[in-house]
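A.B. asks: just to be clear, the model below is a prediction. Sequence and coordinates:
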Amino acid sequence: MKKSILSIAIFLTANFLIAQNDAVLGKWKGEWSNEIGHHYKFILKLYEDDFGDISGAFTWKLLQSPRMYEQRKLGLTAIEYVIGDYDPRTRILTLKGVRQSDPYNIISVDIYYLKLSQSGNRLQGLTQNHGNWKGVFYGIRKGY
């Protein structure tokens, strides 16, 4: 009997931990900018692995840059791979870039501190942006 109760408790706890990420999983689109004039458009795909961990990838498109040498790179894309955690109590999603596929050298990995809206359709917040936390992030669920 004790073994059955323990098994059920472990099963329910594991399912709760996995289900708590559902609010942020899926496809997002939006924009990111910083105070010096970089502006990107993105598509973000977040999924959950078999252990309940959040992983995903941004596809970034450079729209604007203050740097003269990057003007020829406008419109180019790169991919940033991320891992993250979601806290359903605070509705905070933290993502950390872990690697990139960037043949044109238009991005760098970042750290994201994002708040999920009450409706569950918007993510917005700040990014580390090389240490100053002045990267501005705004995303909506793809399809809205």
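C.D. replies: Thanks, I have it.
A.B. asks: can you report phi and psi for the residue most central in space within the chain?
C.D. replies: Nearest to the mean C-alpha position of the chain, by CA atoms, centre = their mean, lies L95 at 5.1 Å. L95 has phi and psi values of phi -120, psi 150 when expressed as degrees, to the nearest 10.
A.B. asks: quick one: low-confidence ranges for this structure?
C.D. replies: 1-19, 143-144 (pLDDT under 70).
A.B. asks: would you map the strands across it?
C.D. replies: 26-33, 39-48, 54-64, 77-87, 92-101, 111-116, 122-127, 135-141 (DSSP state E).
A.B. asks: residues contacting the residue nearest to the centre of the chain?
C.D. replies: The contact partners of L95, by CB atoms under 8 Å, 6 or more residues apart in numbering, come to I54, G56, V82, I83, G84, I111, Y112, L114. To be clear about C-beta, it is placed using only N, CA and C from the backbone, and glycine gets the same treatment.
A.B. asks: same thing but at 10 Å, please
C.D. replies: Listed by CB atoms under 10 Å, 6 or more residues apart in numbering, the contact partners of L95 are 24, 44, 46, 54-56, 58, 80, 82-86, 110-114, 123, 125, 127, 137.
A.B. asks: just the buried residues out of those residues, in PyMOL syntax.
C.D. replies: Restricted to buried positions by 16 or more other CB atoms under 10 Å, the PyMOL selection for these reads:
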select buried, resi 24+44+46+54+56+58+80+82+84+86+110+111+112+114+123+125+127+137
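A.B. asks: quick check: E80 touching K61?
C.D. replies: No: between E80 and K61 there is no contact under CB atoms under 10 Å: 12.0 Å.
A.B. asks: ok, now how distant is L63 from W32?
C.D. replies: From L63 over to W32 the distance is 10 Å, taken as CB to CB, to the nearest Å.
A.B. asks: no, scratch that, I was asking about S117
C.D. replies: With CB to CB as the criterion, S117 and W32 are 17 Å apart.
A.B. asks: which one of the two has more residues nearby?
C.D. replies: W32 (22 against 12; other CB atoms under 10 Å).
A.B. asks: that'll do, ta.
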